[in-house]
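Student: can you look at this prediction? I've put the sequence above it.
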Amino acid sequence: MEAVERVLESLNQLCISISDFKQHRVEQATYHSPVIDHFHPDDYSQRAVTGLTKFLGHAETERDHVLGVSGF
């Protein structure tokens with residue numbers, strides 16, 4: 001049961017970390033090109049990280065599944 005508790009805690013921390021990043025830090029995620037790009041010379045930031053919401057959904061589903069199976 002200890003292993004299940006560790007997995008559940010890891011999944012919970014992952015979900016919290018992703019949610020925190022999406023809410024507070026995504027605007028700070030700025031891409032700095034390693035080389036000069038003729039077509040896009042300036043750095044850019046993005047409002048959403050592609051696939052992050054979907055990954056969060058999968059992590060929450062796994063967390064809920066482990067929670068349901070473990071009986072906590």
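Tutor: The structure has been received and is ready for your questions. Note that the structure is predicted; figures quoted are calculated from it, not measured.

Student: all helices of this structure, in order?
Tutor: Under the criterion DSSP state H, the chain contains helices at 2-20, 52-70.

Student: just the C-alphas of stretch 10-23, formatted as CSV.
Tutor: Extracted in CSV, the C-alpha atoms of stretch 10-23 (Å, rounded to 0.1, in the frame of the first residue of the first chain):
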residue,chain,number,x,y,z
SER,A,10,3.3,11.9,-7.2
LEU,A,11,0.3,12.2,-9.5
ASN,A,12,-1.3,14.7,-7.1
GLN,A,13,1.9,16.8,-7.1
LEU,A,14,2.1,16.6,-10.9
CYS,A,15,-1.5,17.9,-11.3
ILE,A,16,-0.9,20.7,-8.8
SER,A,17,2.4,21.7,-10.5
ILE,A,18,0.8,21.7,-14.0
SER,A,19,-2.2,23.7,-12.8
ASP,A,20,0.1,26.2,-11.1
PHE,A,21,2.2,26.6,-14.2
LYS,A,22,-0.9,27.2,-16.4
GLN,A,23,-2.4,29.7,-14.0
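
Student: just how off-centre is it within its chain?
Tutor: 6 Å (C-alpha atoms, centre = their mean, to the nearest Å).

Student: ok, residues contacting it?
Tutor: Val49, Leu52, Thr53, Phe55, Leu56, Ala59, Glu60, Glu62, Arg63, Val66 (C-beta atoms under 8 Å, 6 or more residues apart in numbering). C-beta here means a position set from N, CA and C on the backbone, and glycine is covered the same way.

Student: ok, now with 7 Å
Tutor: For stretch 10-23, the external contacting residues (C-beta atoms under 7 Å, 6 or more residues apart in numbering) are Leu52, Leu56, Ala59, Glu60, Glu62, Arg63, Val66.

Student: buried stuff in stretch 51-62?
Tutor: Counting neighbours by 16 or more other C-beta atoms under 10 Å, one finds that the buried residues in stretch 51-62 are Leu56, Ala59, Glu60.
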